[in-house]
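next come a sequence and a model predicted from it.
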Amino acid sequence: MHKAILGVAATVALTMSGVASAATISIACGSVGQEYEVCKQGAEAWAKQNGHTIRMVSVPADANEQLTFFQQLLSAGSEDLDVVRIDVIWTGLLAQHLVDLKPQVPDAELGQFFKPLVQNNTVEGKLVALPWFTDAGLLYYRKDLLEKYKQQVPTTWQELATVAKTVTEGEHKAGNTRLVGVVFQAKAAESLTCNALEWIDSFGGGTIVDEAGKVTINNPKAIEALTFMASLVGTVAPKGVLNYSEEESRGVFQSGQAVFMRNWPYAWALANAKDSPVKDKVGVTALPKGGPEGKHTGTLGGWQLSVSKYSKNQEAAIGLAKYLTGAEEQKRRALVASFNPTRPGLYQDAEVLKANPFFATLQNTFTQAVARPSKVTRGKYSKLSSEFRNAVHSTLSGRGSAEKNLKALEGKLNGLSRNGKW
């Protein structure tokens with residue numbers, strides 16, 4: 001099965017005659033935005049320097065499908081994957097299949113990464129992945145439209161709804177009837193888990209499960225958050241958001257058809273590309289608070305590079321992972337595609353800040369983001385996330401109230417966890 005899947009992978013061959021140690025290294029990158037191409041460029045540069053061949057392994061766009069793909073290959077002990085890009089929430093799930101990189105990376109080098117990410121990637125004392133790029137949800141907005149209607153950048157979700165309504169009503173009267181107020185990711189996938197966690201945490205409703213493993217999702221603030229966000233669907237936000245992932249949202253916003261967008265930092269470089277209809281018209285800020293007493297919050301995202309225990313070329317694979325997570329390559333990625341470095345030092349780099357001015361003001365957003373409860377729920381996180389986003393999607397779709405759906409969710413999660421014992 002895995003060989004059939006890999007049959008569609010694109011292979012980039014670098015001919016290095018006479019190099020006895022040449023190896024073919026397979027790497028699975030992402031596919032959102034420019035990620036595949038930028039990863040390919042970095043891997044090719046490393047291969048050229050070291051006399052190896054790179055095989056780019058195609059992966060599904062959906063994160064859950066990617067995880068299933070990797071679990072199938074790794075559980076089978078497949079040798080078809082060498083370097084694997086994994087989500088920040090997958091380290092515990094895949095750790096048993098990954099090489100311990102700690103002996104290969106000096107403490108001084110590890111100290112140049114954000115400490116929370118190193119801690120996240122350390123499972124039972126083993127460093128199973130190197131931090132590659134970090135993420136947190138951000139709010140994108142049309143500077144020109146806010147200025148046109150003399151509106152301030154909203155600091156709460158309630159203000160966002162008001163501003164969006166003012167701008168869209170004005171534009172509709174002027175003939176721009178396709179403009180919508182806000183787009184986000186409400187497709188029943190992991191991206192909705194991220195969006196909904198931001199809403200709930202911003203209202204003070206917690207993180208689904210607390211650090212002790214207790215299910216906390218059924219509370220007044222969480223109900224308030226989902227009730228409010230559901231009220232936006234079909235009014236301020238188009239009903240289409242119920243089927244939007246990151247790229248669908250970006251497509252609407254970048255084509256000039258939305259005032260606001262929640263998305264990850266990768267969208268900045270694309271929104272400001274030469275052929276973008278909204279080039280130089282976009283601002284970025286922290287996601288809104290859930291009212292005056294709420295807080296700005298973004299879900300912690302980001303991806304790591306790991307090496308499969310079943311790789312026949314572990315030494316070369318480790319070399320590739322170290323190169324791609326190195327300071328020079330992370331700087332290049334920040335400059336060409338707005339990927340957030342996992343090295344704090346790069347947030348003071350003049351060139352990086354010129355290309356991504358919001359890096360300087362939003363560093364706290366990246367480093368203090370709310371984490372999904374993957375560590376405490378361990379191998380049951382995927383099921384928890386599925387139950388959570390399905391309950392949220394039902395609420396947004398008008399299939400039951402937030403109060404009813406979160407009460408039912410609480411019961412399911414308590415059963416899944418055996419009352420907090422994950």
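Done, it's in.

okay, strands next: where are they in this structure?
Along the chain, counting by DSSP state E, strands occupy 10-12, 24-28, 53-57, 83-87, 122-123, 126-127, 130-136, 138-142, 180-183, 258-263, 282-285, 300-307.

ok, and the closest non-adjacent residue to residue 334?
In this structure, residue 334 finds its nearest non-sequential neighbour in residue 352, 4.8 Å apart by CB to CB, 6 or more residues apart in numbering. In this view, the C-beta of every residue, glycine as well, is placed from N, C-alpha and C.

kindly report the same for residue 97.
Nearest residue to residue 97, sequence neighbours excluded (CB to CB, 6+ apart): residue 74, at 3.9 Å.

re the thing from before, most packed of the strands of the chain?
Stretch with highest mean neighbour count among the strands of the chain: strand 258-263 (a mean of 27; mean count of other CB atoms under 10 Å).

what comes into contact with that one?
Applying CB atoms under 8 Å, 6 or more residues apart in numbering, the contact partners of strand 258-263 are 137-142, 145-146, 154, 160, 163-164, 167-168, 179-185, 195, 198, 246, 249-250, 252-253, 267, 287.

could you export stretch 370-388 as PDB, keeping only the C-alpha atoms?
The C-alpha coordinates for stretch 370-388 follow below in PDB (Å, rounded to 0.1, in the frame of the first residue of the first chain):
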ATOM      1  CA  VAL A 370      -2.600  28.200  23.800                       C
ATOM      2  CA  ALA A 371      -1.700  24.500  23.400                       C
ATOM      3  CA  ARG A 372      -4.100  21.800  22.400                       C
ATOM      4  CA  PRO A 373      -4.400  19.100  25.100                       C
ATOM      5  CA  SER A 374      -2.400  16.500  23.300                       C
ATOM      6  CA  LYS A 375       0.100  15.700  26.000                       C
ATOM      7  CA  VAL A 376      -2.300  15.000  28.800                       C
ATOM      8  CA  THR A 377      -4.700  13.000  26.500                       C
ATOM      9  CA  ARG A 378      -1.800  11.100  24.800                       C
ATOM     10  CA  GLY A 379      -2.900   8.600  22.300                       C
ATOM     11  CA  LYS A 380      -6.600   9.600  22.700                       C
ATOM     12  CA  TYR A 381      -6.000  13.100  21.500                       C
ATOM     13  CA  SER A 382      -7.200  12.400  17.900                       C
ATOM     14  CA  LYS A 383     -10.500  11.000  19.200                       C
ATOM     15  CA  LEU A 384     -10.900  14.000  21.600                       C
ATOM     16  CA  SER A 385     -10.200  16.400  18.800                       C
ATOM     17  CA  SER A 386     -12.700  14.600  16.500                       C
ATOM     18  CA  GLU A 387     -15.500  14.700  19.100                       C
ATOM     19  CA  PHE A 388     -14.700  18.400  19.900                       C
END
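
quick one, helices of the stretch 151-300 of the chain?
According to DSSP state H, counting those that start in this stretch, the stretch 151-300 of the chain carries its helices in the segments 157-173, 190-202, 220-232, 246-254, 267-271.

by contact count, what packs against the last one?
It refers to helix 267-271. Contacts defined by 3 or more CB pairs under 8 Å, 6 or more residues apart in numbering; DSSP states H and E place helix 267-271 against strand 138-142, helix 246-254, strand 282-285.

and of the ones you listed, who's closest to residue 100?
helix 246-254 (32.1 Å; CB to CB).

isn't residue 362 right up against residue 284?
Yes - checked against CB atoms under 8 Å, the pair residue 362 and residue 284 is within contact range at 7.2 Å.

overlap in contacts of the two?
residue 138.

from the chain's centroid, how far away is stretch 34-48?
20 Å (CA atoms, centre = their mean, to the nearest Å).

also stretch 52-71?
Taking CA atoms, centre = their mean, the mean C-alpha location of stretch 52-71 is offset from the chain mean by 16 Å.

what does stretch 151-166 give?
On the basis of CA atoms, centre = their mean, stretch 151-166 sits 25 Å off its chain's mean C-alpha point.

quick one: contacts of that stretch?
Contacts to stretch 151-166, defined as CB under 8 Å, 6+ apart, come from residues 139, 141, 145-146, 149, 167, 181-182, 199, 202, 228-229, 232, 235-236, 259-260, 283, 285, 288-292, 294, 296.

tell me the centre residue of this protein?
Central residue of the chain (CA atoms, centre = their mean): residue 301, 4.2 Å from the mean position.

so what pLDDT did that residue get?
Residue 301 is assigned a pLDDT of 90 by the prediction.

pLDDT score assigned to the closest residue to it other than its chain neighbours?
Distance criterion CB to CB, 6+ apart; nearest residue to residue 301, sequence neighbours excluded, is residue 135 at 3.2 Å. Here, the pLDDT recorded for residue 135 equals 90.

identify the residues contacting the residue nearest to residue 97.
Residue 74 is in contact with 81, 84, 94, 97, 308, 310, counting by CB under 8 Å, 6+ apart.
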